[in-house]
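>>> How does the following fold in three dimensions:
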Amino acid sequence: MNLGLGEVGKPGGACGSGTLGSARAVLERFASKPRAALDGKLWVQWQPPGCTAISLHRRLCPLFTGLAFMLRLTDVHLPLDHSEHALKEAVLDRLGITADHLQRLHIFRRAFDARKKSAIQLVYTVDVEVNDESLLLSRRLPKLGPTPDLNYQFVAQAPARAGLRPVVVGFGPCGLFAALILAQSGFRPIIIERGKPVRERTKDTFGLWRKRELHPESNVQFGEGGAGTFSDGKLWTQVSDPRHYGRKVLEEFVKADAPPEILYVSKPHIGTFRLVKMIEQMRASIIALGGEFRFEQKLDRLEIVNGAVRGLHLSTGEQIEADHVVLAIGHSARDTFQLVHDAGVHVEAKPFSIGFRIEHPQSLIDRARFGVNAGNPILGAADYKLVHHASNGRSVYSFCMCPGGTVIAAASEPGRVVTNGMSQYSRNERNANAGIVVGITPADYPGGPLAGIEFQRQIESRAFEIGGADYDAPGQLVGDFIAARPSTTWGSVVPSYQPGVKLGSLDQVLPAYAIEAIREALPAFDKQIRGFAMHDAVLTGVETRTSSPVRIRRGENFQSINTVGLYPAGEGAGYAGGIMSAAIDGIRVAEAVAQSICARHK
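Coordinates of the predicted model:
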């Protein structure tokens with residue numbers, strides 16, 4: 001039983017009056033229900049002025065007779081090799097209760113602390129149901145509190161006469177969740193995707209890797225699932241998420257056949273091949289709810305009248321009348337950035353990063369991070385996150401680290417080379433890879449809102465030429481790069497990039513300030529991960545698509561600051577970075593669209 005904000009203390013909800021009495025009334029309605037019927041999830045997300053969440057529980061505790069709500073206990077530390085019963089025993093000890101008082105224990109999250117490699121610990125967050133929750137809360141035990149309600153609450157449902165259907169342009173992680181939320185809310189969105197369905201797109205992507213055949217509209221960047229389909233499939237983010245949208249994302253992925261463990265491991269990931277099947281299932285769900293797809297149809301023109309969107313013109317000649325358009329186009333839709341800018345929509349340049357991909361033996365990273373515990377299946381393949389502030393004022397950092405993965409060709413325009421990283425769910429390839437990138441700002445590429453795009457193109461074209469003009473990537477051994485001498489023969493690390501890597505010097509691929517900063521950073525990183533600057537590690541160029549080079553600025557209502565009805569969203573618009581943050585932004589934008597449509601039809 002979930003009593004969310006829509007039911008307690010919110011005008012228009014089940015209670016509506018917003019008083020303590022209204023909360024009490026809801027509780028009294030359910031006071032006679034058996035504990036099992038409530039499924040341990042009774043938690044009122046509302047606080048009267050001056051009350052804390054816990055004091056609200058304590059004030060209402062007489063009404064919890066026969067009811068149950070879950071408590072969350074954090075930071076339960078256990079050895080990596082702990083026994084099956086150790087977690088329960090540790091929880092009982094922390095709570096100071098006996099086993100007969102513990103009714104249910106659920107693992108919400110499992111992480112690990114590897115700061116001491118010889119004694120790695122697992123760190124649990126657990127939800128528990130006990131006989132007398134209010135008594136435990138009154139004891140104010142450290143790191144114990146009510147379990148928050150993580151259930152997604154829809155903000156609006158489509159009215160009977162909703163008017164024009166919302167349109168979502170782009171079907172990467174952001175567009176996918178924008179479309180899904182709109183469909184689940186009854187708005188029957190129309191989805192425009194310039195690329196192909198995911199399975200056909202996968203075949204075209206392999207065409208570049210295996211046959212040097214680039215399909216400009218069907219590749220790593222464009223097509224159903226977006227760039228995140230060919231990645232490590234990381235499903236965590238550091239963005240603020242007070243409404244628990246991330247949980248909604250994970251639960252929808254599990255419904256689409258993702259492994260259930262993504263709901264509780266601290267750094268969940270899926271991997272490319274699993275994502276393909278999941279995306280197909282989610283598309284089917286959207287269609288079943290009235291959504292409609294247009295694949296291989298590119299946005300050709302925005303119809304804007306008096307500063308408001310009125311429709312779209314597609315490359316096929318089709319025209320769609322629309323007054324709510326979600327622009328979820330991804331960070332590589334350069335022609336669409338130009339189109340939007342030419343239409344008068346406010347676009348501005350933003351910082352991004354450039355660099356190379358680095359590859360090491362995964363076993364080296366495992367030993368450096370986990371010591372004697374390297375290879376433990378609970379830990380999996382080790383990752384890392386590194387930062388160095390160079391003496392020339394530049395910041396160098398690791399980006400999109402892919403344990404047990406491959407470096408992939410990620411170009412979307414002919415005559416250019418771009419790299420990215422990818423892992424499968426198993427993460428069992430021989431090499432670890434990550435971007436080693438340098439932060440740059442619009443001051444490095446002056447010339448207007450779209451100048452960063454031209455800057456990217458120049459670097460990618462140089463990489464294409466230095467690699468041999470056949471989509472091979474330029475490469476260099478780390479030892480030779482640090483010593484500023486060209487590489488001539490491979491060492492112990494075999495590069496994974498396909499179609500191939502041409503050895504030589506990378507000095508001319510990036511601007512001198514970036515080369516200087518990376519050359520300084522690699523030995524510094526070796527102090528954090530022993531062996532990181534090993535001579536035979538491989539650098540492959542270039543990494544330019546770390547994030548969008550533009551921002552399509554929006555206001556607090558999620559609409560473009562100068563174009564009503566246009567909702568810039570996700571990574572391409574400059575509001576996300578990675579699968580999870582893009583998906584969360586898609587949900588937030590979908591909610592804004594739903595509320596706007598409903599407001600117009602009151």
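>>> Go through stretch 418-434 and flag the buried ones.
Neighbour counts over stretch 418-434 (16 or more other Cβ atoms under 10 Å) mark 418-425, 427, 429, 431-434 as buried. C-betas here are computed from N, CA, C, even on glycine.
>>> got the CA coordinates for it in CSV?
Extracted C-alpha coordinates of stretch 418-434, given in CSV (Å, rounded to 0.1, in the frame of the first residue of the first chain):
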residue,chain,number,x,y,z
VAL,A,418,36.1,8.8,-33.4
THR,A,419,36.6,6.3,-30.6
ASN,A,420,34.4,5.2,-27.7
GLY,A,421,34.4,2.3,-25.2
MET,A,422,32.0,-0.6,-24.9
SER,A,423,31.6,-3.7,-22.6
GLN,A,424,29.3,-6.6,-22.6
TYR,A,425,27.5,-7.7,-19.5
SER,A,426,30.2,-10.2,-18.6
ARG,A,427,33.0,-7.7,-18.9
ASN,A,428,35.4,-10.5,-19.7
GLU,A,429,37.5,-9.1,-22.6
ARG,A,430,41.2,-9.0,-22.0
ASN,A,431,41.6,-5.2,-21.9
ALA,A,432,40.3,-2.4,-19.7
ASN,A,433,39.8,0.9,-21.5
ALA,A,434,38.9,4.4,-20.7
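>>> could you dump the buried residues of stretch 418-434 to CSV with pLDDT?
As requested, the buried residues of stretch 418-434 are arranged in CSV below (pLDDT from 0 to 100):
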residue, pLDDT
418, 98
419, 98
420, 97
421, 96
422, 95
423, 94
424, 92
425, 91
427, 94
429, 96
431, 98
432, 98
433, 98
434, 98
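>>> May I see the domains of this structure written out as residue ranges?
The chain breaks down by automatic domain parsing into domains covering 1-68, 70-151, 167-346+551-600, 351-543.
>>> Do you have the helices of the stretch 401-550 of the chain handy? List them.
For the stretch 401-550 of the chain, applying DSSP state H, counting those that start in this stretch gives helices covering 451-466, 478-483, 512-526.
>>> now those as CSV including mean pLDDT, mean neighbour count and distance to residue 255?
Listed next are the helices of the stretch 401-550 of the chain as CSV, based on pLDDT from 0 to 100; neighbours: other Cβ atoms under 10 Å; distance: least, Cβ to Cβ, whole Å:
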stretch, mean pLDDT, mean neighbour count, distance to residue 255
helix 451-466, 98, 20, 37
helix 478-483, 98, 20, 43
helix 512-526, 98, 19, 40
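>>> and residue 120, which of the ones you listed is closest to it?
Nearest to residue 120 among those is helix 512-526 (21.8 Å), distances taken as Cβ to Cβ.
>>> so where's the stretch 51-200 of the chain uncertain?
With pLDDT under 70 as the threshold, the stretch 51-200 of the chain has low-confidence stretches at 51-68.
>>> thinking again about what came up before, closest one to residue 578 among the helices of the stretch 401-550 of the chain?
If you check each of the helices of the stretch 401-550 of the chain against residue 578 by Cβ to Cβ, helix 451-466 wins as the nearest, at 18.9 Å.
>>> next one: that closest one to chain centre, how far?
What separates the centre of helix 451-466 from the centre of its chain is 27 Å, taken as Cα atoms, centre = their mean, to the nearest Å.
>>> Stretch 299-310 too?
The chain centroid and the centroid of stretch 299-310 are separated by 30 Å, computed with Cα atoms, centre = their mean.
>>> Restricting to C-alpha, output that stretch in CSV.
These are the backbone C-alpha positions of stretch 299-310, laid out as CSV (Å, rounded to 0.1, in the frame of the first residue of the first chain):
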residue,chain,number,x,y,z
LEU,A,299,13.8,16.3,-38.6
ASP,A,300,14.1,18.6,-41.6
ARG,A,301,12.5,21.8,-40.3
LEU,A,302,10.8,23.2,-37.2
GLU,A,303,7.6,25.1,-37.8
ILE,A,304,7.8,28.1,-35.4
VAL,A,305,5.2,30.8,-35.4
ASN,A,306,5.4,33.8,-33.1
GLY,A,307,8.0,32.1,-31.0
ALA,A,308,6.0,28.9,-30.5
VAL,A,309,6.4,25.5,-32.1
ARG,A,310,3.5,24.6,-34.4
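>>> Now do the buried residues in it.
Of the residues in stretch 299-310, those scored as buried under the neighbour-count criterion (16+ other Cβ under 10 Å) are 299-300, 302-304, 309-310.
>>> Next, give phi and psi for residue 149.
Dihedral pair for residue 149: phi -80, psi 110, per degrees, to the nearest 10.
>>> who does the biggest helix by length in the chain touch, helix- and strand-wise?
Using DSSP state H to assign secondary structure, the helix with the most residues in the chain is helix 579-600. When contacts are defined as 3 or more Cβ pairs under 8 Å, 6 or more residues apart in numbering; DSSP states H and E, helix 579-600 packs onto helix 173-184, helix 245-255, strand 325-327, strand 566-568.
>>> Tabulate the ones you listed in a markdown table, adding columns for mean neighbour count and distance to residue 520.
Written out in a markdown table, the entries for the helices and strands packed on helix 579-600 read as follows (neighbours: other Cβ atoms under 10 Å; distance: least, Cβ to Cβ, whole Å):
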| stretch | mean neighbour count | distance to residue 520 |
| --- | --- | --- |
| helix 173-184 | 29 | 35 |
| helix 245-255 | 20 | 36 |
| strand 325-327 | 30 | 39 |
| strand 566-568 | 30 | 37 |
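>>> Quick one, which of the ones you listed gets closest to residue 546.
Closest to residue 546 of these, according to Cβ to Cβ: helix 173-184, at 16.2 Å.
>>> got the CA positions of that closest one in CSV?
Extracted in CSV, the C-alpha atoms of helix 173-184 (Å, rounded to 0.1, in the frame of the first residue of the first chain):
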residue,chain,number,x,y,z
PRO,A,173,17.9,6.9,-23.3
CYS,A,174,16.3,10.3,-22.9
GLY,A,175,13.8,10.0,-25.8
LEU,A,176,13.0,6.4,-24.7
PHE,A,177,11.9,7.4,-21.2
ALA,A,178,10.2,10.6,-22.3
ALA,A,179,8.2,8.6,-24.7
LEU,A,180,7.5,5.8,-22.1
ILE,A,181,6.3,8.2,-19.4
LEU,A,182,4.1,10.0,-21.9
ALA,A,183,2.7,6.7,-23.2
GLN,A,184,2.1,5.4,-19.7
